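Asker: Quick one, structure for this:
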Amino acid sequence: MTDHLHLSGVSHGYGDRELFHGADLTIDHGEHVAIVGENGAGKSTLLRLLAGVETPDDGTAGLVGNAGYRVGYLAQTHGLPASLTVGDAIDASLTALRALEASITELERDLADADSETLERYGSLQTQYQLREGYAAESRVEAALDRLGLGGLDRRRTLGSLSGGEQERVALACLLADPAEALLLDEPTNHLDANGTAWLESRLAAHRGTVVVVSHDRVLLRKVASTVIEVDAERRSVNRYGNGYEGYLREKAAQRARWVQQYEEWLDAMAAERFQAATVSGGMGYGRVRDNDKFATGFKKGTWQRAATSKVRNAQERLRRLEENPIDRPPVPLKLAAQLDVQLEEAAGPAIEAHGISVPGRLKPTDFRVETGEKVLITGPNGAGKSTLVSVLAGTLEPAAGTVAVQGTVGYLQQELDVPPRPGLRLLPAFAAGLGGNIDEHAENLLRLGLFRPAEFHVPVGSLSAGQQRRLALARLLLGSYETMIVDEPTNHLAPVLVEQLEAALAGFAGTLVIVSHDRALGEWFDRCAAAGSVGSWVRYGMQDGELL
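Answerer: You can find the predicted model right below:
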C-alpha cells in the first residue's frame, strides 16, 4: 500500500460552525503541498486532522500506510512545558533515533555468534539508521539552531526563560533534528528572519518525503510548493491546484471569472423568463381580437387566450426550474477598503524623535528621528531589537534611559497580541470597544473595511483564530484615523491576498509610517514604492545586536 495522507468523507467543525462537509483529499508520499485560505477557514484544523492529532466528527483522516512511516507535526504554538530545558526538548526529539542506535549497539556485542535472523534484523536497523542519517543528528541540531538564530544557546535554559519566538524556533529545530517521512508545519516562518526563512525553504525543498505547510509567506509558497490546497470557507471544502502557487493564482482567477459568468447568465435567464411571462400575460404582442375584425377570419374564438396562457405557463415552468437549480452568488472577496487619507497639519517638528533610549540587553543607546509623512522600514535578524525599539517609540515599553517625543495621534500594531481579556465578548462589540458612536455605525465601518463578513460579527473573540485576531487588531488600527502608524510584522497570520491589499492601502497613506518586518516580499514592495516616488519619503534601516544601523 502506498503511504499517503488523506481525508475521506470528512465533516468537522466546532460548536455550530462546520468547517468541512464531506471533504475528500489525498496527499501522496513525496508531494510538496501548501495549504492556503482565508483566515479562520480551517487551515490549521486541516493540518491537525492530517497529522492525526485531531479526530474528525465524521469520516476518516490521517495516515494510510505502513507502521514505520512517521509524521512530524509543528503547530503554531509548540505546547511544550515551560519547565523543559532546551536540552530536554532536543533529547525528546531524538528519542526514537537514539533507541534505534542503542538497539544496533546491543546487537553488535554478540554479532560474531548471531544467527541469520539476528543478522537480518541488524542489517535492517543499520539501513534505517543510515537512511535517517543518524550519525549526523547532533551536527544537524547544531546547524539548525545556528541557522535559526539560536547558535550558542545554553541547553540548560528552560523554554519558559526564552521569548515566544525563540521557543518556536527551538521546536522547529527539534522537528528537523530527525525529520519524519512526512513533515506538517503550521506557519513555520512567523518567527524567522530572512536568513532563517531562506534556510528553511532549502531544507523543505530538499526533503525527499512529504511536505505539507500552512503559510502566508508568498516567497516560500512559490519556492516550496508544487501543489496548492485551498480551504474554501464558503463551500466548506478543500480543493487541489497544480502547477505551484503561480498556477493556483491563475486558476483561481479563471475559476472566479467562470463562476461570475455562470451567475450572470443565470440572472439573465431568470429575468428573461419573468419578462416573457409578464409580457404575454399583459397582452403585449397578442392584441385583442374584435368580433368584427376581418383579419380574424378563421381564428377560433379563444385561441389567442389559450396561446397566451400556454406561453405564460411555459415561461413559469422554465422559471421554476431555474429557481430550483440556482447558481450561488460568487462571494465578494475580502478586500482592504481602508481610506488611509489622513490630512497632515503643518508639522511643528518631526513625527517621532528619540534621544539616547536604551533597554538593557535588548537595545543599545539609540537616537532616532522620523520626519512627518516619512515611511520607514526596519529589518534585521530575530533578537536584533526591532520590536523593543518600536515598543519604546509607541510608548508601551519604558526605556531605562532616554526620551521619546511624538507629534499627533499614534496607532500601534504589536507583533505579539495580548490574550483577549474578555474571551466571550463578540467580535463586533470587541471592535467597537472604546471608539464611541453607536454599534450600527461600527458594523457598517467594519463591513466596509472588508476584513470580516457579517456572519463573523457574532463570533466570541476567544474563538477567533490567530489570523482573525490579527485582522481585528488591524481593523481597529486602520479605522483609527491616526497620523502616525507603527506596525510590527503586519503580515504575520494574514492571507497573501490581504497582504497585497494592505500594501496597496499603506502605499497611499499620507501619514507617518514605521514598519518592522522580516517579510521579504514586503521588503520588495517597500523598495518598489521608494523607487516609484510614492507618497512621502521612504527610508530603510537595519538593526543588529540592539543597534540601529
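Asker: Where does pLDDT dip in the stretch 1-150 of the chain?
Answerer: Applying pLDDT under 70 to the stretch 1-150 of the chain flags residues 1.
Asker: With the stretch 201-350 of the chain instead?
Answerer: For the stretch 201-350 of the chain, the stretches with pLDDT under 70 are 280-302, 304, 331-348.
Asker: In it, what residue spans correspond to strands?
Answerer: With DSSP state E, counting those that start in this stretch as the criterion, the stretch 201-350 of the chain has strands at 210-214, 227-232, 237-241.
Asker: Please state the offset of the second one from the chain centre?
Answerer: Taking C-alpha atoms, centre = their mean, to the nearest Å, one finds the center of strand 227-232 at 12 Å from the center of the full chain.
Asker: Is it correct that Val238 is in contact with Val212?
Answerer: No - contact between Val238 and Val212 fails when scored by C-beta atoms under 8 Å: they sit 11.9 Å apart. Glycine gets a C-beta too; all of them are placed from N, C-alpha and C.
Asker: So for those two, which residue has more residues nearby?
Answerer: Between Val238 and Val212, counted using other C-beta atoms under 10 Å, the more crowded position is Val212 (25 against 22).
Asker: Now for that one: which residues touch it?
Answerer: Leu5, Ile27, Val33, Ala34, Ile35, Leu47, Leu50, Ala182, Leu183, Leu184, Leu185 (C-beta atoms under 8 Å, 6 or more residues apart in numbering).
Asker: what's the burial count for the closest residue to the second one other than its chain neighbours?
Answerer: Translated: Ile27. Spatial nearest neighbour of Ile27, chain neighbours left out: Leu5 (4.4 Å); criterion: C-beta to C-beta, 6 or more residues apart in numbering. The tally of other residues near Leu5 (other C-beta under 10 Å) stands at 27.
Asker: ok, now Asp193?
Answerer: For Asp193, the neighbour count with other C-beta under 10 Å is 22.
Asker: His518 now?
Answerer: His518: 25 surrounding residues under other C-beta under 10 Å.
Asker: Help me confirm that it comes into contact with Thr379.
Answerer: Yes - with contacts counted by C-beta under 8 Å, His518 reaches Thr379, the gap being 6.6 Å.
Asker: shared neighbours of those two, anything?
Answerer: Joint contacts of His518 and Thr379 (C-beta under 8 Å, 6+ apart) are Ala194.
Asker: Residues in a beta bridge with Cys227, which ones?
Answerer: Small correction: residue 227 is Thr, not Cys. For Thr227, the beta-bridge assignment (DSSP bridges) gives partners Val33.
Asker: what's the one helix or strand Ile378 maps to packed up against?
Answerer: Under the criterion of DSSP states H and E, Ile378 resides in strand 375-379. Here strand 375-379 touches helix 386-394, strand 512-516, helix 520-532, strand 538-544, going by 3 or more C-beta pairs under 8 Å, 6 or more residues apart in numbering; DSSP states H and E.
Asker: mind running it again at 6 Å?
Answerer: Strand 375-379 sits against strand 512-516, strand 538-544, with contacts defined as 3 or more C-beta pairs under 6 Å, 6 or more residues apart in numbering; DSSP states H and E.
Asker: Direction included, what does that strand pair up with?
Answerer: Strand pairing (DSSP bridges) places strand 375-379 next to strand 512-516 (parallel), strand 538-544 (parallel).
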